[in-house]
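Colleague: below are the sequence and a predicted model for it; my questions follow.
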There are 2 protein chains.
Amino acid sequence: MSAQRADARRNYERILAVAMEEVAAHGADASLEQIARTAGVGSATVRRHFPGRRALLEAVFRERIATLCARAGELAEVADARAALLEWLGAFTAYAASARGMAAALAQEGLLDPEDGGDNACSAQLIQACGPLLRRAQRAGAVAPGVAVSDLLTLITGIALATERHPDAAAEAERLLGLVVAGVSPSVVTARG
Amino acid sequence: MSAQRADARRNYERILAVAMEEVAAHGADASLEQIARTAGVGSATVRRHFPGRRALLEAVFRERIATLCARAGELAEVADARAALLEWLGAFTAYAASARGMAAALAQEGLLDPEDGGDNACSAQLIQACGPLLRRAQRAGAVAPGVAVSDLLTLITGIALATERHPDAAAEAERLLGLVVAGVSPSVVTARG
DNA sequence: GTAATATATGGAGGGCCCCGCCACTTATGC
DNA sequence: GCATAAGTGGCGGGGCCCTCCATATATTAC
């Protein structure tokens, strides 16, 4: 028999659809009970399909993240390594800043320690997607060797978190990304002895 | 008569002391009821002295922020404008990354819009303290003119938020600050057309 | 010292949320 | 159709935040 019953699958889809709207409206700490109510199911059913808020958030953002990873694949073909990386970082920033709750979800994940091993997590996919772009840019001399993928993702996640309340969050986030790329005060190479 | 009764003042102090420990232990979303319980007062008393979690967090971090602002005053005397700014940014980063909840409190405040007018807020004090350092560095040509004080504070707040779960949060945050100061890829001045 | 008064307090109650349990329903394979 | 296992949802427990109000207490005036 199929691994999952048909009605269960239907409920899963419905809950996920409602969750997307609810998270978009109320951020990462949307009420699970409210989601259950709107979806017309019991709260236990939500918990069954998504054990814990993290699982739900992961599912909510999975598609968007997949799109982002695909974009990274395309950009690997672009000639200018630096431009490709910056383009992707910009796209990621735009997503993270506009999709409410995504940054929070990423921050609470194991985004920070890249060798976590949990390769099914969203952050792991992002790391895997961004890695080649970064390494190529580093080989081209556009980025210092000491910079890790997780550094970039952490910075952007932080920007998204800190600008979440801004009226025009996406624009502000992209502006700050530009600042980070260019450097606040890059004049001296070895900053702070 | 005095503006406040003596026992009220005592309770205020006690609640604040407990709140400091509790916030240090559980971050910005520590339980207000737990604080009340530990302090041996009713939860209503906590709410009376600190209407809303924000007010409590502000009080918790007030001293630390004052110290930070004082440090900015000292650094205004340092000859090297760039070094002075970077030193202060480093100090702020260390504080924000080590004091659990502080970054969250700042992010939820009106940190992002500098012309809010609420000059009693913590973020306003920080902006006022950092402003002279930044302007001096900009006059010295060490920082681009378009950079605002709130940009720097927002970036650092974001770094602190994104590194909160890191095993060695303070070190990681300072490392990322270094990256932001130096720039991820500063080679071309006008990033992304 | 005592009475009068404004001030401060904390416990009860309501609302919301997360979580786990268990009897009931329902799709599925024979 | 029927047996069965998968799926469901309501219920109760625990916690938190918030408000209200009767009570207790520091303070002031006499």
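Modeller: Structure's in. What do you need? None of these values were measured; they are calculated from a predicted model. Numbers count the residues shown, from 1 in each chain, chains lettered A, B, ... in the order given.
Colleague: same question for stretch A:134-146: list its buried residues.
Modeller: A:Leu134, A:Arg136, A:Ala137, A:Gln138, A:Ala142, A:Val143 (16 or more other Cβ atoms under 10 Å in any protein chain shown). For the C-beta atoms, the positions are set from N, CA and C on the backbone; glycine is no exception.
Colleague: biggest helix in chain A by residues?
Modeller: Longest helix of chain A, by residue count under DSSP state H: helix A:53-75.
Colleague: give me the contact status of it with chain B.
Modeller: No. Figure legend: helix A:53-75 not in contact with chain B (Cβ under 8 Å from any Cβ of the partner chain); closest approach 12.7 Å.
Colleague: in CSV, list the C-alpha atoms belonging to that helix.
Modeller: The C-alpha trace of helix A:53-75 is given here as CSV (Å, rounded to 0.1, in the frame of the first residue of the first chain):
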residue,chain,number,x,y,z
ARG,A,53,7.2,24.5,14.7
ARG,A,54,10.6,24.0,13.0
ALA,A,55,9.4,21.2,10.9
LEU,A,56,6.5,23.3,9.7
LEU,A,57,8.6,26.3,8.9
GLU,A,58,11.0,24.1,7.0
ALA,A,59,8.2,22.8,4.9
VAL,A,60,6.8,26.3,4.4
PHE,A,61,10.1,27.6,3.0
ARG,A,62,11.3,24.4,1.2
GLU,A,63,10.0,25.4,-2.2
ARG,A,64,11.4,28.9,-2.0
ILE,A,65,14.8,27.6,-0.9
ALA,A,66,14.8,25.0,-3.7
THR,A,67,14.1,27.9,-6.2
LEU,A,68,17.0,29.7,-4.7
CYS,A,69,19.3,26.7,-5.0
ALA,A,70,18.3,26.3,-8.6
ARG,A,71,19.2,29.9,-9.2
ALA,A,72,22.6,29.2,-7.8
GLY,A,73,23.0,26.4,-10.3
GLU,A,74,22.2,28.7,-13.2
LEU,A,75,24.6,31.3,-11.9
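Colleague: what comes into contact with it?
Modeller: A:16, A:19-20, A:23, A:28-29, A:32, A:35, A:46, A:50, A:84-85, A:87-88, A:91-92, A:95, A:99, A:101-102, A:104-105, A:108-109, A:121-122, A:125-126, A:128-130, A:132-133 (Cβ atoms under 8 Å, 6 or more residues apart in numbering or on different chains).
Colleague: near chain B, which of the residues you listed show up?
Modeller: Counting by Cβ under 8 Å from any Cβ, the members of the contacts of helix A:53-75 near chain B are A:Leu85, A:Glu87, A:Gln108.
Colleague: for the last one, list the residues it contacts.
Modeller: A:Gln108 makes contacts with A:Arg54, B:Arg165, as judged by Cβ under 8 Å, 6+ apart.
Colleague: before we move on, the earlier item: among the buried residues of stretch A:134-146, name the ones in helices.
Modeller: A:Leu134, A:Arg136, A:Ala137, A:Gln138.
Colleague: nearest to A:Thr157, of those?
Modeller: A:Leu134 (15.6 Å; Cβ to Cβ).
Colleague: just to revisit the earlier point, so of the contacts of helix A:53-75, which ones are in helices?
Modeller: Those of those mapping onto helices are A:16, A:19-20, A:23, A:32, A:35, A:46, A:84-85, A:87-88, A:91-92, A:95, A:102, A:104-105, A:108, A:122, A:125-126, A:128-130, A:132-133, per DSSP H.
Colleague: can you report how many residues neighbour the one residue in chain A that gets nearest to chain B?
Modeller: With Cβ to the nearest Cβ as the measure, A:Gly183 is the residue of chain A nearest to chain B, at 2.2 Å. Counted with other Cβ atoms under 10 Å in any protein chain shown, residues neighbouring A:Gly183 total 20.
Colleague: check contacts around the nearest residue to A:Val78 once chain neighbours are set aside.
Modeller: Of all residues beyond its chain neighbours, the one nearest A:Val78 is A:Ala84 (4.1 Å), with distances taken as Cβ to Cβ, 6 or more residues apart in numbering or on different chains. By Cβ under 8 Å, 6+ apart, the contact set of A:Ala84 is A:Leu75, A:Ala76, A:Val78, A:Leu133, A:Arg136, A:Ala137.
Colleague: how much space separates the spatially closest residue to the first one that is not a sequence neighbour from B:Ile15?
Modeller: In space, A:Leu75 comes closest to A:Ala84 once its chain neighbours are excluded; the distance is 4.2 Å by Cβ to Cβ, 6+ apart. When distance is defined by Cβ to Cβ, to the nearest Å, A:Ala84 is 54 Å away from B:Ile15.
Colleague: poorly predicted segments of chain A, please.
Modeller: A:1-2, A:110-120, A:188-193 (pLDDT under 70).
Colleague: skip the chain neighbours and tell me the closest residue to the residue in it positioned nearest to DNA strand D.
Modeller: Nearest residue of chain A to DNA strand D (Cβ to the nearest atom of the strand) works out as A:Gly42 at 2.4 Å. Nearest residue to A:Gly42, sequence neighbours excluded (Cβ to Cβ, 6+ apart): A:Ala36, at 6.2 Å.
Colleague: whichever strand or helix holds A:Ser150 and chain B, any residue contact?
Modeller: Element membership for A:Ser150 (DSSP states H and E) is helix A:149-162. Yes. Counting by Cβ under 8 Å from any Cβ, chain B is contacted by helix A:149-162 at A:Asp151, A:Leu152, A:Thr154, A:Leu155, A:Thr157, A:Gly158, A:Ile159, A:Ala160, A:Leu161, A:Ala162.
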